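K.L.:
Build me a model:
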Amino acid sequence: MNFRTRVRFPPPPPCRSAARVRNTPPRRRLFRAFPSPALPGSFGLQPRGEVTTLARSVKGAPSSLGERLAEVRGRIAAAAGRSGRDPDAVTLVAVVKTVAPESVAAAIALGALDLGENRVQEAERKIEAVGRVAPDGAPVRWHLVGHLQRNKAGR
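P.N.:
Residues are numbered from 1 along each chain as shown. Below you'll find the predicted structure:
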């Protein structure tokens, strides 16, 4: 008897990633080929309407801090209206981690009076730089975002 005929190994199991790739539907094409009128016989790529993979379109994205703050407040008001809540009952906390104190002061001047920071030392530095009162006299509330270490609890 031949050794090769006696010992048979089972085939290896199929790769999971290959099965996953095989069972996924084909991707939606973002561009459609069409004959170009400028070059007869050639094909160009033309976008098919407003196609994006993002949750919301980035076209016309606001560039300044005031525009972005107004956009977020508008989205909060729309969501509160859909759920039957008062938009004034929702508190917008502007997280200012890794932001310069000058930008924080600009946000306070635009009406962001609830600010969040995740590091106690950074919060102390920013509170010292911008203060706890807005230019119009309204109090600025600071929130800690995330976990507080035991050695920082006394600050």
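
K.L.:
all strands for this structure, in order.
P.N.:
Assigned by DSSP state E, the chain shows strands spanning 31-35, 43-47, 94-95, 114-117, 141-144.

K.L.:
mean confidence for the second one?
P.N.:
The one in question is strand 43-47. Per-residue pLDDT values across strand 43-47 average out to 50.

K.L.:
same question, the third one
P.N.:
Rounded to a whole number, the mean pLDDT of strand 94-95 is 92.

K.L.:
got it, and stretch 133-149?
P.N.:
89.

K.L.:
ok, and for that stretch, which residues are buried?
P.N.:
134, 140, 142 (16 or more other Cβ atoms under 10 Å). For the C-beta atoms, the positions are set from N, CA and C on the backbone; glycine is no exception.

K.L.:
now do the same end-to-end measure for that stretch.
P.N.:
27 Å (Cα to Cα, to the nearest Å).

K.L.:
Need the contact partners of it.
P.N.:
93, 95, 97, 108-109, 113-118, 120, 123, 127, 130-132 (Cβ atoms under 8 Å, 6 or more residues apart in numbering).

K.L.:
The same query, at a cut-off of 10 Å, please.
P.N.:
91, 93-97, 104-105, 107-120, 123-124, 126-127, 130-132, 152, 155 (Cβ atoms under 10 Å, 6 or more residues apart in numbering).

K.L.:
and if you look at stretch 111-118?
P.N.:
Outside stretch 111-118, the residues touching it (Cβ under 10 Å, 6+ apart) are 65-66, 69-70, 72-73, 91-99, 104, 106-108, 123-127, 130, 133-134, 136, 138-148.

K.L.:
That stretch: end-to-end distance?
P.N.:
Using Cα to Cα, the two ends of stretch 111-118 sit 21 Å apart.
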